[in-house]
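> predicted model follows, preceded by the sequence.
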Amino acid sequence: MSRAEVRDEAAGEFEATASGATPDPGAARTPRTPRTPSALWSLGLFRSELLTTFRRWRTLALLAVLAAVPVLVGIAVKIETSDGSSLGGGGGGGEGPAFISQISNNGLFLVFTALAATLPFFLPMAIGVVAGDAIAGESSAGTLRYLLVAPAGRSRLLLTKYATVIAFCLAATLVVAVSALAVGALLFPVGDLITISGTRISYAEGLGRALLIALVVAASLVGIAALGLFVSTLTGSGIAAMATTVGLLITVQILDQIPQLDALQPYFFSHYWLSFADVMREPVYWDDLVKNLGLQALYAAVFGSAAWARFTTKDITA
């Protein structure tokens, strides 16, 4: 059953109630069997949510902006190094943006650079917009109670919304990675590459590590996704929820740069985001990667539970 069918069915029930039609006495004495949503129905609801999310112009515009970032970075590096000079004047060692000095030697490094450039703000901002609109957007549009008339249940609907946001996290990250991979191969040479540790790996292994990095970056966004979903349950305005989520993102990013808060910074959801650079070490340095994934799981559990507690007790009026 699609969301359109859910809303049509719900609208029919509301219209029947509003019309003042007297129910058949015999039918009134017949107990109504509760409808239990099947797994197939749940998959249909998830599919409908995915289609609804990815068909919105706002979502397509966000993905287009994310895809444009690697293009702009690649063109800028190409212009800067067109006379044969090196970029950045540094070696390939280091984290995050230090990858940019290696792009002219191997286009695959554009993938790592693009992810490092978009992860601090562009990617989480896009996630914050989609997550913040998940529940509040339905409420402001007046469609939330129609969805809840169907046998989805609040918990199931909330889980479907969160799964859709997670799917967007993965899609947004892959859009950046694929765009960077294509631009890097088009503008720069490709082949074996040198890791941060100074060892040489094949291009095929480099592609595998690029995919692993993309998955790590996508997993790094589940915390902000849960936070945005929780904020979305607190208000009936989609714009307010999106603005609040993005505002919290910016605030945490600022706090993570203040030296006096170094005792608290390991608990900020963004603190270990750039740890994905450790995938390019030989051997891979897993400590910060594991800390990052554990921290994201903690944020997902805490704010996911808070969103569930709020949504399941909330008075739905729209």
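That came in fine, so what should we check first?
> before we move on, which element is the closest residue to Leu221 other than its chain neighbours in?
Distance criterion CB to CB, 6 or more residues apart in numbering; nearest residue to Leu221, sequence neighbours excluded, is Cys169 at 4.3 Å. From N, CA and C alone the C-beta is placed, and that goes for glycine too. In the assignment (DSSP states H and E), Cys169 maps to helix 154-187.
> I'd like the distance between Thr235 and Leu261.
28 Å (CB to CB, to the nearest Å).
> correction: the previous question concerned Ser232.
27 Å.
> one step back: give the buried residues for the helix holding Cys169.
Across helix 154-187, burial judged by 16 or more other CB atoms under 10 Å covers 154, 156-162, 164-169, 171-177, 179-184, 187.
> can you check stretch 245-259 too?
Residues 245-246, 248-249, 252, 256 are the ones in stretch 245-259 that count as buried (16+ other CB under 10 Å).
> by how many degrees do whatever helix or strand Arg58 lives in and helix 154-187 diverge?
Per DSSP H and E: Arg58 is located in helix 57-80. Interaxial angle, helix 57-80 versus helix 154-187 (axes from the mean of the first three to the mean of the last three CA atoms, to 10 degrees): 30 degrees.
> dump the residue contacts of the residue positioned nearest the centre of the chain.
The centroid of the chain falls nearest to Cys169 when counting by CA atoms, centre = their mean (2.6 Å). Residues near Cys169 by CB atoms under 8 Å, 6 or more residues apart in numbering: 127, 218, 221-222, 225.
> next, count neighbours for Leu108.
26 (other CB atoms under 10 Å).
> that one reaches Ile194, doesn't it?
No: Leu108 is not in contact with Ile194 according to CB atoms under 8 Å; the separation is 10.9 Å.
> test my guess that Ser220 contacts His271.
No: counting by CB under 8 Å, Ser220 does not reach His271; the two are 10.4 Å apart.
> who has more neighbours, the two?
A direct count of neighbours by other CB under 10 Å for Ser220 and His271 places Ser220 higher, at 27 against 18.
> how close does the more buried one get to Ala226?
Going from Ser220 to Ala226 by CB to CB gives 12 Å.
> point me to the helix or strand that includes Phe230.
Residue-wise, Phe230 maps onto helix 222-234 under DSSP H and E.
> same question but for Ser197, I mixed them up
Going by DSSP H and E, Ser197 is not in any helix or strand.
> please report phi then psi for it.
When read as degrees, to the nearest 10, the backbone of Ser197 gives phi -80, psi -10.
> got a list of what it touches?
Ser197 sits next to 281-282 when contact means CB under 8 Å, 6+ apart.
> leaving out the residues flanking it, which one is nearest to Pro124?
For Pro124, ignoring the flanking residues on the chain, the nearest one in space by CB to CB, 6+ apart is Ile224 at 4.9 Å.
> quickly note the distance from that neighbour to Val216.
The value you get for Ile224 to Val216, if CB to CB is used, is 15 Å.
> settle it for me: which of those two has more neighbours?
Neighbour totals were compared for Ile224 and Val216, and Ile224 leads with 29 against 20 (other CB under 10 Å).
> so the more buried one touches Leu123, yeah?
No: between Ile224 and Leu123 there is no contact under CB under 8 Å: 9.1 Å.
> which non-adjacent residue is nearest Ala177?
Ala214 is the one closest to Ala177 (CB to CB, 6+ apart), at 4.4 Å.
> contacts only, for that neighbour.
Counting by CB under 8 Å, 6+ apart, Ala214 makes contact with 111, 115, 173-174, 176-177.
> let's see that with 10 Å instead.
111-112, 115, 170, 173-178, 180-181, 276 (CB atoms under 10 Å, 6 or more residues apart in numbering).
> that one belongs to a strand?
No: with DSSP: H, G, I helix; E, B strand; the rest coil as the criterion, Ala214 is located in helix rather than a strand.
> distance check, it against Asp256.
For Ala214, the distance to Asp256 - CB to CB - is 23 Å.
> anything in contact with each of Ser220 and Ala226?
Common neighbours of Ser220 and Ala226, using CB under 10 Å, 6+ apart, are 269, 296.
> okay, now the unreliable bits of this structure?
Low-confidence segments of the chain (pLDDT under 70): 1-42, 83-98, 142-143, 145-152, 315-318.
> which non-adjacent residue is nearest Val129?
Met242 (4.9 Å).
> Asn105: neighbour count?
18.
> and it, what element?
Asn105 belongs to no helix or strand, assigned by DSSP H and E.
> for it, phi and psi?
As for Asn105, its main-chain torsions (degrees, to the nearest 10) stand at phi -90, psi -30.
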